[in-house]
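Colleague: Predicted model and sequence below, questions to follow.
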Amino acid sequence: MTKKLIAAIDTPELARAGALVRDLAPHCGLVKLGLEFFLRHGPAGFVQAAQGQPVFLDLKLHDIPNTVAGAVRSLLPLGAEMLTIHAGGGSKMIAAAAAAAGSAVWRPKLLAVTVLTSLDDAALAEIGIGGGASAQVLRLARMALDNGADGLVCSAHEIAPLRDALGARPILVVPGIRPAGAALGDQARVMTPEQAVRAGADYIVVGRPITEAPDPAAAAAAIAAHIR
Ligand code: C5P
């Protein structure tokens with residue numbers, strides 16, 4: 001078991017999500033549920049699948065400040081340990097989300113997504129953002145932390161520049177992780193669990209290499225052992 005491992009439960013099926021949470025929770029710090037699951041099963045499904053285990057609820061909220069603050073307040077009773085927002089919603093939206101999260105007895109950690117890893121420099125130019133992804137990641141990261149976010153979701157290759165610029169304080173949660181020899185799937189620029197933790201990741205998010213393994217619990221245990 002290591003607290004640093006987050007297992008991504010990317011399935012729309014309630015029973016399968018519940019079974020994966022039960023099998024994987026002993027080996028990891030948190031399980032991650034996202035839009036695919038939450039939009040189908042909602043808060044009741046969340047409670048059923050989570051079975052009281054610590055959850056990273058990855059909904060990447062992005063709307064006007066008032067609406068995002070309301071969404072965060074609506075999520076608070078679920079007791080998720082981590083929530084995500086899009087930093088691109090702007091400083092006021094981030095501050096509103098942080099204030100809403102801070103109103104809870106049990107305050108979830110608020111993580112900001114900067115630039116989606118599916119967007120390259122050309123795709124950013126298409127939406128009017130020149131200067132490239134690296135500069136935009138850093139700009140949004142600073143703004144998110146200055147406005148109350150606790151940390152960032154970032155790619156493995158962003159860990160070093162973010163640590164250089166922002167120091168040890170922000171929580172860095174890193175997807176796009178593949179154990180040596182694992183299938184890449186649609187992830188392009190990956191690191192192994194050990195490399196990402198050595199580079200400064202606080203948490204690594206691993207999905208398919210665990211959930212599609214013949215024995216998901218054994219796969220999670222092996223990754224946990226590597227980074228312990
Ligand atoms: O299966 P895999 O290990 O690629 O799953 C990674 C998880 O992290 C998925 O839930 C995916 O949505 C999420 N994620 C990502 N890249 C990002 C942000 C989130 O892969 N930039």
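Modeller: Everything's here; your move.
Colleague: In three-state terms, how would the nearest residue to Ala219 once chain neighbours are set aside be classified?
Modeller: Excluding the flanking residues, the one nearest Ala219 by CB to CB, 6 or more residues apart in numbering is Ala213, at 3.7 Å. The way it works is simple: take the backbone N, C-alpha and C, and place the C-beta from them, glycine included. Assigned with DSSP: H, G, I helix; E, B strand; the rest coil, Ala213 falls in the coil class.
Colleague: Whatever residue of the chain ends up closest to the ligand: how many residues sit nearby?
Modeller: Of all residues in the chain, Gly207 sits closest to the ligand, at 2.5 Å by CB to the nearest ligand atom. Applying other CB atoms under 10 Å, we find 20 residues neighbouring Gly207.
Colleague: ok, it touching Asp10?
Modeller: Yes: if you go by CB atoms under 8 Å, Gly207 and Asp10 touch, sitting 5.3 Å apart.
Colleague: quick one on the thing from earlier: can you give me every residue that contacts the residue nearest to the residue of the chain closest to the ligand when sequence neighbours are not counted?
Modeller: In space, and not counting its chain neighbours, Gly207 is closest to Ala8: 3.4 Å by CB to CB, 6+ apart. Ala8 makes contact with 31-32, 34, 175, 205-207, 210-211, according to CB atoms under 8 Å, 6 or more residues apart in numbering.
Colleague: Who is Ala8 paired with across the strands?
Modeller: Going by DSSP bridges, Ala8 is paired in beta bridges with Lys32.
Colleague: pLDDT at Thr117, what is it?
Modeller: With respect to pLDDT, Thr117 scores 86.
Colleague: so how many other residues sit close to it?
Modeller: Neighbour tally, Thr117, other CB under 10 Å: 20.
Colleague: again with Gly131
Modeller: 11.
Colleague: again, but for the one 5 residues further on
Modeller: Gln136 is surrounded by 19 other residues when neighbours are defined as other CB under 10 Å.
Colleague: can you pull the contacts of the closest residue to it other than its chain neighbours?
Modeller: Spatial nearest neighbour of Gln136, chain neighbours left out: Val115 (5.2 Å); criterion: CB to CB, 6+ apart. Contact analysis of Val115 by CB under 8 Å, 6+ apart lists 124, 133, 136-137, 140.
Colleague: now that we have the residues you listed, which one has the most neighbours?
Modeller: Within the contacts of Val115, most neighbours by other CB under 10 Å means Leu140, with 23 neighbours.
Colleague: Against which helices or strands is the helix or strand that contains it packed?
Modeller: If you go by DSSP states H and E, Leu140 is part of helix 132-146. Using 3 or more CB pairs under 8 Å, 6 or more residues apart in numbering; DSSP states H and E, the elements in contact with helix 132-146 are helix 91-102, strand 109-113, helix 121-126, strand 151-153, helix 159-166.
Colleague: Alongside the ligand, which residues does the protein contribute?
Modeller: With CB under 6 Å from any ligand atom as the criterion, the chain meets the ligand at residues 8, 10, 34, 116-117, 153, 175-176, 185, 187, 205-208.
Colleague: would you turn the residues you listed into CSV with secondary structure?
Modeller: Shown next, in CSV, are these (three-state DSSP):
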residue, secondary structure
Ala8, strand
Asp10, coil
Gly34, strand
Leu116, coil
Thr117, coil
Val153, strand
Pro175, coil
Gly176, coil
Gly185, coil
Gln187, coil
Val205, strand
Val206, strand
Gly207, coil
Arg208, helix
